[in-house]
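> no letters, just coordinates:
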């Protein structure tokens, strides 16, 4: 564990293998699979690719069903006023068609599996060890799930500005892939050492680089050319 703590301090990210077993992942996978069928039917469930398609079609109003967590009515104007705005599409795709980019949050309220994983058992203990904390406060769970051959990709972003919890104290995020994951299949990428930049960047709309209205932080810089990018692969 000391080696993992040292790597986390140095890089800001560390891969911990075999922390969760198949019996932990199976109910999570079942829940996410079922939840993906409810995009637009809950307060926080969106198909972000469908939203992106509507935004870049420059519609006056974006239809997202019952989802109301984000202020979508202003997105068309926000995107239109951003000279750098463009759809984020995977290499080899030419339009935002096929697949789905599902977003949901706060699912611990309706999923015993997520609640138990986040609040009980060994995972919180490990997270506390990594940041040297005696007490952890759970903030939120978030689901990001892309279907096969989904062209819409996620904008580079820094999580802190989304949370609006200030700079005091230490924060830690756990990413749990529910399928075998590599760079080719969509492994999450981090910039080694970026936690030591001493800068907070504006949150964006996930499907574009455009900063969210109301943030007073600078725009996230272009990062794809950096050599320090680390792709988390959870395959052995």
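Looks like it arrived, so ask away. Because the structure is a prediction, the values reported are computed rather than measured.
> and the longest helix seen in the chain, what does it pack against?
Secondary structure assigned by DSSP state H gives helix 22-35 as the longest helix of the chain. Under the contact criterion of 3 or more CB pairs under 8 Å, 6 or more residues apart in numbering; DSSP states H and E, helix 22-35 touches helix 112-119, strand 142-146. All C-beta atoms are positioned from the backbone trio N, CA, C, and that covers glycine.
> can you give me the strands in the protein?
Chain-ordered strands for the chain, with DSSP state E as the definition, fall at 46-47, 101-105, 142-146, 189-191, 229-231.
> can you pull out the helices in the protein?
Taking DSSP H to define them, one finds helices in the chain at 2-11, 22-35, 48-56, 75-80, 112-119, 122-131, 160-163.
> tabulate those helices (a markdown table), appending mean neighbour count, mean pLDDT and distance to residue 214.
Formatted as a markdown table, the helices of the chain follow (neighbours: other CB atoms under 10 Å; pLDDT from 0 to 100; distance: least, CB to CB, whole Å):
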| stretch | mean neighbour count | mean pLDDT | distance to residue 214 |
| --- | --- | --- | --- |
| helix 2-11 | 13 | 92 | 31 |
| helix 22-35 | 14 | 93 | 28 |
| helix 48-56 | 22 | 93 | 17 |
| helix 75-80 | 17 | 86 | 10 |
| helix 112-119 | 16 | 92 | 28 |
| helix 122-131 | 15 | 92 | 29 |
| helix 160-163 | 16 | 86 | 10 |
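> right, and those - which one's nearest residue 182?
helix 22-35 (17.0 Å; CB to CB).
> tell me who's in contact with residue 71.
residue 213 (CB atoms under 8 Å, 6 or more residues apart in numbering).
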